[in-house]
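**Student:** with the sequence up front, the predicted model follows.
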Amino acid sequence: MPIWLWLALATAQGAGMAQYEKHLLRLAEEAEAFGYLAPKVIGREKLEQVAMETPSRFRRRAEKVETPYRRREIVSEYGYAIFQDDPANLHELRQVVSVDGKQIKSRSQARQTLTMGMRGDNDKLKKKMLKDFESVGLRESATDFGQVILLFGKRSQAALNFQFLRNDFIGAERAIVLNYEQKDGDQAMTVFEGRRAVRHKLKGEIWLKETDGVPLRITIGADREPDKNRTPQQILKYAASVDYEPSPHGTLLPATILYNETEQGVLVVENRYQYSEFKVFGASSEIKFTVEEAPPAKP
């Protein structure tokens, strides 16, 4: 490409993004508001998972092999906390209430335990909550997507390249869709493949309300680079999409999250998260919530 044409394209892209500066500023403001409020809110999370199972090794000759999937449903009390040994990042915390319809603990008990972990400085208790969630037997418990908006604070935006993609709709809302990709910095999407942690540069899309720049959806994704034992068609693909909605508490909070992994175009695992009933607790030592418990099952 001639250098003059490259410069012309670069100039056009820069001028094109200038009109979205107010949208990116609003995105940064919403990220900061979320960071302030999130450690004070607790909500209800419903996770529906569809995950591939290992097919049986024993089958009749010439029998068609169908991919077996297992469905799970996990309901939890949900919140955010900062770890003392990782003060720069906010992490999701959960207390499981029910697994596949079977009650594990009452909602009031789960909320009390969760608030203790969120308000306290005991990292051991917080990490125990993470292990408790993993112990319910999910194929992949992909987490820490609810706070992905924090990646777009004013300072963090400097480490990202943005480009206009298209105009679109989410429901009845008109949105502008921007592509983003990390150019430098320490932020990364970390994917755990067994015991191996693989860090990928951030990339995806941001859907901003056309009129005022309020973020409606943020996507993030990664492809695993093929190694010597894999062809390009066997690359693992990871993708997450987070939809945010205004809350009565003065900031955006997650409404739904969709996360999936595919290999060779075949679904490996899909997690659908739904969020509701967010409440804010105060700084007082006595924390009270009004929670309607389900009546006990009749014998």
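**Tutor:** That came through fine. Residues are numbered from 1 along each chain as shown.
**Student:** now do V96, the pLDDT please.
**Tutor:** The model reports V96 with a pLDDT of 90.
**Student:** is it true that R72 lies in a helix?
**Tutor:** No - under DSSP: H, G, I helix; E, B strand; the rest coil, R72 sits outside any helix and is assigned strand.
**Student:** list the contacts for the residue nearest to it when sequence neighbours are not counted?
**Tutor:** Nearest residue to R72, sequence neighbours excluded (Cβ to Cβ, 6 or more residues apart in numbering): Q49, at 4.5 Å. Every C-beta, even on glycine, is put in place using the N, C-alpha and C of the backbone. By Cβ atoms under 8 Å, 6 or more residues apart in numbering, Q49 lies in contact with R71, R72, E73, I74, L138, R139, V269, E270, N271, R272.
**Student:** now do the strands in the stretch 51-200 of the chain.
**Tutor:** Along the stretch 51-200 of the chain, counting by DSSP state E, counting those that start in this stretch, strands occupy 69-83, 86-99, 102-103, 160-170, 173-182, 189-193, 196-200.
**Student:** pick the most deeply packed of the ones you listed.
**Tutor:** Counting by mean count of other Cβ atoms under 10 Å, strand 69-83 has the highest mean neighbour count of the strands of the stretch 51-200 of the chain, with a mean of 20.
**Student:** angle of that one against strand 86-99?
**Tutor:** Calculated by axes from the mean of the first three to the mean of the last three Cα atoms, to 10 degrees, strand 69-83 forms an angle of 140 degrees with strand 86-99.
**Student:** what mean pLDDT does strand 69-83 get?
**Tutor:** Mean per-residue pLDDT for strand 69-83: 89.
**Student:** who does that strand pair up with?
**Tutor:** strand 41-52 (antiparallel), strand 86-99 (antiparallel) (DSSP bridges).
**Student:** for these, which one sits closest to D132?
**Tutor:** strand 86-99 (6.6 Å; Cβ to Cβ).
**Student:** keeping just the C-alphas, turn the closest one into CSV.
**Tutor:** In CSV, the C-alpha atoms belonging to strand 86-99 read as follows (Å, rounded to 0.1, in the frame of the first residue of the first chain):
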residue,chain,number,x,y,z
ASP,A,86,-4.8,-8.7,44.7
PRO,A,87,-5.9,-5.1,45.6
ALA,A,88,-6.0,-3.9,42.0
ASN,A,89,-8.8,-6.3,40.9
LEU,A,90,-12.4,-6.9,41.8
HIS,A,91,-13.5,-10.6,41.9
GLU,A,92,-16.9,-12.3,41.8
LEU,A,93,-18.0,-14.2,45.0
ARG,A,94,-20.9,-16.7,45.3
GLN,A,95,-22.7,-18.7,47.8
VAL,A,96,-24.6,-21.6,46.2
VAL,A,97,-28.3,-21.8,47.2
SER,A,98,-29.4,-24.7,45.0
VAL,A,99,-28.0,-27.2,42.5
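**Student:** contacts for it, please.
**Tutor:** 35, 38-39, 45, 72-83, 103-107, 110-111, 113-114, 117-118, 126, 129-130, 132-133, 136, 143-144, 146-147, 150.
**Student:** could you tell me how far that strand lies from the centre of the chain?
**Tutor:** Distance, stretch centre to chain centre, for strand 86-99: 12 Å (Cα atoms, centre = their mean, to the nearest Å).
**Student:** which residues of the stretch 51-200 of the chain score low on pLDDT?
**Tutor:** 54-66, 87, 120-123, 125-126, 137, 139-142, 184-200 (pLDDT under 70).
**Student:** L258 and V269 touch, don't they?
**Tutor:** No - applying Cβ atoms under 8 Å as the test, L258 and V269 come out as separate, 11.6 Å apart.
**Student:** these two - which one has more neighbours?
**Tutor:** More neighbours surround V269 than the other of L258 and V269, with 20 against 15 (other Cβ atoms under 10 Å).
**Student:** tell me which element the more buried one falls in.
**Tutor:** Using DSSP states H and E, V269 maps to strand 266-280.
**Student:** strand partners of that strand, parallel vs antiparallel please.
**Tutor:** Checking strand 266-280 against DSSP bridges gives partners strand 41-52 (antiparallel), strand 252-263 (antiparallel).
**Student:** can you pull the residues that touch both of L258 and V269?
**Tutor:** Counting by Cβ under 8 Å, 6+ apart, L258 and V269 have no contacts in common.
**Student:** so what sits opposite the nearest residue to K201 once chain neighbours are set aside in the bridge?
**Tutor:** The spatially closest residue to K201, leaving aside those adjacent along the chain, is Q182, at 4.3 Å (Cβ to Cβ, 6+ apart). For Q182, the residues forming beta bridges with it (DSSP bridges) are L160.
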